[in-house]
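> generate coordinates for the sequence data below:
(chains A and B)
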Amino acid sequence: MVSPNTPETPGGVAAPSAPPRAIHDVVIRLAGNSQDGIQSVGGFLARLAGRSDQDVMTYMTIPSTISGGPSIFQVRMGTGDILSSGDRADMLVAFYQHSYDAHIGSLRPGGVLLYDSDHVKPVEGDNRFTQVAVPITSGTVEAVGGAGKDKGKNIYILGLLARVFDLDVAKLAALIKERFGGKNEDVVRNAMLAFDAGHAWPQNNLRDLFYRFEAIDLATQTSGRPQVTMDGNQALAYGLLAAGVRHGAGYPITPWSSIMETLRTELPKYGGLFVQCEDEIAAISTAIGFSYTGHLAITGSSGPGLSLKMEALGWATMAEMPLIVVNVQRGGPSTGMPTNVEQSDLMQAIYGSHGDTPRVVLSPKNVEDCFYIALEACRIARTYSTPVLILTDMALASRIEAFDEPDFPKLMVDPKADLSDRGADFKPYPLDAITRHAPPGSKIGSGKYPTVTGLEHDELGHPTGSSKLHTQMTAKRRDKIKHLGASLPSPELSGDSAGEVLLVTWGSTWGPGLEALKRINSAGVKAGHLHLRHLHPLPNGLEATFQRYPKIVVAEINDEGLYGYGQLAMLLRARYANPAIVSVCKTDGLTFKVSEIVAGVAQHIASAELDASLGIARPSALAKS
Amino acid sequence: MSTALATPPPPAPAGAPLTKKILTADHPTWCPGCGDFAVLASFYRVLEKLQYPHEKIVTFAGIGCSSRFPYFVNTHGGHYIHGRALPFAAGISLGNEDLHVFVFGGDGDGFSIGGNHLVHTARKNVNLTYVIMDNSVYGLTKKQTSPTSPIGFKTKTDPTGAIDQPINPMRTLLNTGATFVARSHATQVNHMVEMMTRAAKHPGFSVVEILSECVEFYAGAFDSSIPRKGGTWSLIQEKKNDGTPEDADRHDVTDEVAAFKLAGQAWPGSFGVFYESNARKTKNVLEAELVTKARERTKNASDLQLLQSTFSKMR
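Residues are numbered from 1 along each chain as shown, chains lettered A, B, ... in the order given. Got it, this is the predicted structure:
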């Protein structure tokens, strides 16, 4: 990259910089205001990592206010698998005093504080950290010129980080050009001026603090497929497209909205459409209407909107209509914490609505899985003619991860509706087979056209008050979901296949759970980690797995409730009647830190080794003080 | 989706013609004397006249006495939840534009629990026909006040007489932006057939309100518009544009202001087409245009090519 400006060197002489130190991974937290574009810095780093050999996971919080207000973006990048966004930061970039005040506590001892010397006055003589004053605002203004606007601070910092961590500048420059290329040339030029200024600053101002990521073992790591970088909502939307979904309907609510925005934009290219409806109920109704015409459709929402959809969901179960319902969980109840994380809609997803409404609930474990779970949900909905709920969450929705590009030619599903003629023996609700609806437009051989209905019905769809039929039809609707459960693969079990404790997670808690297992194992405790993607029906065979551990700890981001158990723990205790199942819950609106899970497990097992690894001493109550 | 206009195709020549016998399904569960029987009989005649391909007719409904309708018509159809039949039917219409979608319901379904859906399905001009069988009372739940019950009408929820201002259905429907609005009466079979036929042929959201007496819980509700019971049957005279002096006083169905004036007449008001306009495109057409434009921009790339190129930009 040729820089149009040469940075001035303070004092005239460039200080010799130390050679870079090799590191495995780093957690960088950027703290500023939501209009500063710190999310886009995170996005650039994530995409750079996707184009390199590093893996990446990001963490983002945004205020629910429309503009302004504090915002942070945390990115963890490194060599090999990155499972969680990192408990604490190795580097904090503080744009404002409030950023410093609120986030200095998240910096690890020995970490690096980069602060904007134009705005922040850190505590003097704080020896816990390496404090580096960077003229972020004035440096940007000077580089970009113009009327003293500080727009571009984010790109200045990006340039600085690129120098500190020895990132691929050519690739970053290409990403900046791609990102801003659609705008006028001034925008790209100003961005590059800010980037260059930031990139040049460390050379003359930092004596050391230069790092390089460890080289990756290419033989074990690369799949040969290119990496793509996106957030969970995007991955889910594109998974639905690959799965042949061409119709949908929704109503805006955070953090679901970006799925409907993506689909509204993308679907017309594929000959489909997405309808923005007047409310949540209309949205699910329109989606079921699409499914009725033979086009498996998607609707979705977040917790409160899912509640509004419940009556219609009951109809879809009763009428046996295939449907995909996405619920991007957030902090509840009510408006709650709309931009925070929680896994508190599990019971609603499984048991919400009225009457006996057995349905399918799946939950993706990471961003990549959002793509594949969409495919699986569609396959199940079509095979079993049933609504399928995908329970994702705010963390997955807004997190950017890099993953292998899917093998599309193998995955694409034909979206065509089956309007073929049906035979004279066609029945919409056969008792001895799974329902296969005949969409309108298909001829019925008998000349007797079917009615899809929410009234209890006989095999032909006629309303009935028969006790016997209600019992039989209830069993029919239940048994097909049981049949699905029996066909599910065994869930992912990591670590020791028997031991002192089994850690169980679901949804986005997969990564921190797996990382917690590694810490527990390395403390010398025999332990396993079981992750559930299929929450209803549960896969067969879990009893046997559970029996190999005297303690089963379920970690989930929801409240322990009146009886001391989180929602999945409650369900597992009810299902397996196993008193060894206990909970680690939390309701701070944030994803699990690995240390929180490890500490939670330590609370439940008597392991001196684990306690020691956590630095916990448990004196006897009788101990002399 | 193709880009064809959302107008009904000509009657299909193939197969046996649709007759009342073919179209009859379950025997209605309505009370003897219910006005809805006449609406059903009229609907069979409408389908006999239109001769759409049998498999392309959809009869749909929400909840209420009148919403039992789909069980009595032998076509593809469905019985959905209370008040939400319109958004479901919008999904049917937009999901397959070859279909002829008819939605039946009552005043509670349409103006109360489903009021919001009525407004939005109408403003979007989704291509379907909605028949509201208005009996001014909740019949299925045995006599509670409905949104069209007149002030003073005694029900189980208003034992001393209704006190809330009722909805004016015609004004409400005109306000929604519906592109075809008509009113009829269950004692006037030929008129119902004419109104429903015109509604079916109308490209876009067409709605017909039919006063249909509940003999069990609101007998005599609509006597004031039944001549043999001493009432007045006031038919809207539509403009013929024939240049005659009397034509000047006739109703211009494309004139919204004139339609609102008719809607403001004292009870029992007039019957016929209040408003009809083809000026606005249907949502079906607008969505198809979006598809056409998007396909042009992407040069008709295959689904696989589209996804691959999107992902290659995310590398």
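> how about the nearest residue to residue 256, chain neighbours excluded?
All of this refers to chain A. A:Val328 (4.5 Å; Cβ to Cβ, 6 or more residues apart in numbering or on different chains). Where C-beta positions appear, they are placed from N, C-alpha and C, glycine not excepted.
> sorry, I should have been clearer: chain B.
B:Glu256 sits nearest to B:Tyr275 (Cβ to Cβ, 6+ apart), 6.3 Å away.
> A:Ser71 now?
Using Cβ to Cβ, 6+ apart, the nearest residue to A:Ser71 is A:Ser34, at 3.9 Å.
> do I have it right that the one you found meets A:Phe95?
No - counting by Cβ atoms under 8 Å, A:Ser34 sits too far from A:Phe95 to count as a contact (11.2 Å).
> higher neighbour count, the two?
The residue with more neighbours, out of A:Ser34 and A:Phe95, is A:Phe95; 27 against 18, by other Cβ atoms under 10 Å in any protein chain shown.
> which residues does the residue lying closest to the more buried one once chain neighbours are set aside form beta bridges with?
Computed as Cβ to Cβ, 6+ apart, the closest residue to A:Phe95 that is not its neighbour in sequence is A:Gly32, at 3.5 Å. For A:Gly32, the beta-bridge partners are A:Ser71 (DSSP bridges).
> A:Gly32 and A:Asp404: what is the separation?
Counting by Cβ to Cβ, to the nearest Å, the separation of A:Gly32 from A:Asp404 is 32 Å.
> show me what the spatially most central residue of chain B bridges to in the sheet.
In chain B, the residue lying closest to the centroid (Cα atoms, centre = their mean) is B:Tyr130, at 1.6 Å. For B:Tyr130, the beta-bridge assignment (DSSP bridges) gives partners B:Val103, B:Val207.
> residues contacting whichever residue of chain B sits closest to chain A?
Nearest residue of chain B to chain A, counting by Cβ to the nearest Cβ: B:Gly91, 2.0 Å away. B:Gly91 is in contact with A:247, A:249, A:275, A:285-293, A:297, counting by Cβ atoms under 8 Å, 6 or more residues apart in numbering or on different chains.
> out of those residues, who's near chain B?
A:247, A:249, A:275, A:285-293, A:297 (Cβ under 8 Å from any Cβ of the partner chain).
> my read: A:Pro430 touches A:Glu459, true?
Yes - at 5.5 Å, A:Pro430 counts as touching A:Glu459 under the criterion of Cβ under 8 Å.
> and A:Asp166, how many residues sit next to it?
12.
> ditto for A:Pro358
A:Pro358, neighbours per other Cβ under 10 Å, totals 18.
> which helix or strand contains A:Val27?
Secondary structure from DSSP states H and E places A:Val27 in strand A:25-33.
> returning to that earlier point: name only those of the ones next to chain B among the contacts of B:Gly91 that count as buried.
Using 16 or more other Cβ atoms under 10 Å in any protein chain shown as the burial test, the ones next to chain B among the contacts of B:Gly91 include A:247, A:249, A:275, A:285-293, A:297 as buried.
> so for chain A, the centremost residue is which one?
A:Leu396 (1.2 Å).
> how near is the nearest residue in space to it that is not next to it in sequence to B:Leu307?
Nearest-residue entry for A:Leu396: A:Gly232, 3.4 Å, with adjacent residues in sequence omitted and distances by Cβ to Cβ, 6+ apart. To B:Leu307, A:Gly232 is 17 Å away according to Cβ to Cβ.
> residues of the stretch 401-550 of chain A that sit close to chain B?
Residues of the stretch 401-550 of chain A lying near chain B (Cβ under 8 Å from any Cβ): A:405-406, A:408-409, A:412, A:415, A:417, A:438-444, A:447-455, A:462-463.
> checking my notes, the residue nearest to the centre of chain A in a strand, right?
No - counting by DSSP: H, G, I helix; E, B strand; the rest coil, A:Leu396 is not part of a strand but helix.
> and the gap between it and A:Met230?
For A:Leu396 relative to A:Met230 (Cβ to Cβ), the value is 11 Å.
> where do the contact lists of those two overlap?
With Cβ under 8 Å, 6+ apart as the test, A:Leu396 and A:Met230 both reach A:Val367.
> restricted to strands, list the ones next to chain B among the contacts of B:Gly91.
Within the ones next to chain B among the contacts of B:Gly91, residues falling in strands by DSSP state E are A:247, A:249, A:275, A:297.
> which pair of these spans the longest distance?
A:Val275 and A:Ala297 (9.7 Å; Cβ to Cβ).
> between these two, which contacts overlap?
A:248-249, A:286, B:91.
> got TSV for these, with pLDDT and distance to B:Asp255 too?
Shown next, in TSV, are the shared contacts of A:Val275 and A:Ala297 (pLDDT from 0 to 100; distance: Cβ to Cβ, whole Å):
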residue	pLDDT	distance to B:Asp255
A:Gly248	98	39
A:Ala249	98	35
A:Thr286	98	32
B:Gly91	98	33
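> the one residue in the stretch 301-450 of chain A that gets nearest to chain B and B:Tyr52, how far apart?
Nearest residue of the stretch 301-450 of chain A to chain B (Cβ to the nearest Cβ) works out as A:Pro440 at 3.7 Å. Note on A:Pro440: its distance to B:Tyr52, by Cβ to Cβ, is 11 Å.
> these two: who's more crowded?
A:Pro440 (29 against 21).
> surely the more buried one is in a helix?
No - under three-state DSSP, A:Pro440 sits outside any helix and is assigned coil.
> got the contact list for it?
With Cβ under 8 Å, 6+ apart, A:Pro440 has these contacts: A:292-293, B:55-58, B:76, B:92, B:96, B:99.
> would you map the helices across the stretch 101-250 of chain B?
B:107, B:115-123, B:169-176, B:189-201 (DSSP state H, counting those that start in this stretch).
> can I get those in CSV with mean pLDDT and distance to B:Gly230?
Shown next, in CSV, are those (pLDDT from 0 to 100; distance: least, Cβ to Cβ, whole Å):
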stretch, mean pLDDT, distance to B:Gly230
helix B:107, 97, 24
helix B:115-123, 98, 33
helix B:169-176, 98, 23
helix B:189-201, 98, 19
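> give me whichever of those helices is most buried.
Per-stretch averages of neighbours, counted by mean count of other Cβ atoms under 10 Å in any protein chain shown, single out helix B:107 among those, with a mean of 27.
> which strands and helices lie in contact with it?
Helices and strands touching helix B:107, by 3 or more Cβ pairs under 8 Å, 6 or more residues apart in numbering or on different chains; DSSP states H and E, are strand B:128-134.
> counting by contacts, list what the strand it packs on packs against.
So strand B:128-134, by 3+ Cβ pairs under 8 Å, 6+ apart, packs with helix B:36-50, helix B:85-95, strand B:100-106, helix B:107, helix B:115-123, helix B:189-201, strand B:205-211.
> now the one residue in the stretch 151-300 of chain A that gets nearest to chain B. Nearest residue, chain neighbours left out?
As assessed by Cβ to the nearest Cβ, chain B sits closest to A:Gly289 within the stretch 151-300 of chain A, at 2.0 Å. Leaving aside its sequence neighbours, A:Gly289 sits nearest to B:Gly91 (Cβ to Cβ, 6+ apart; 2.0 Å).
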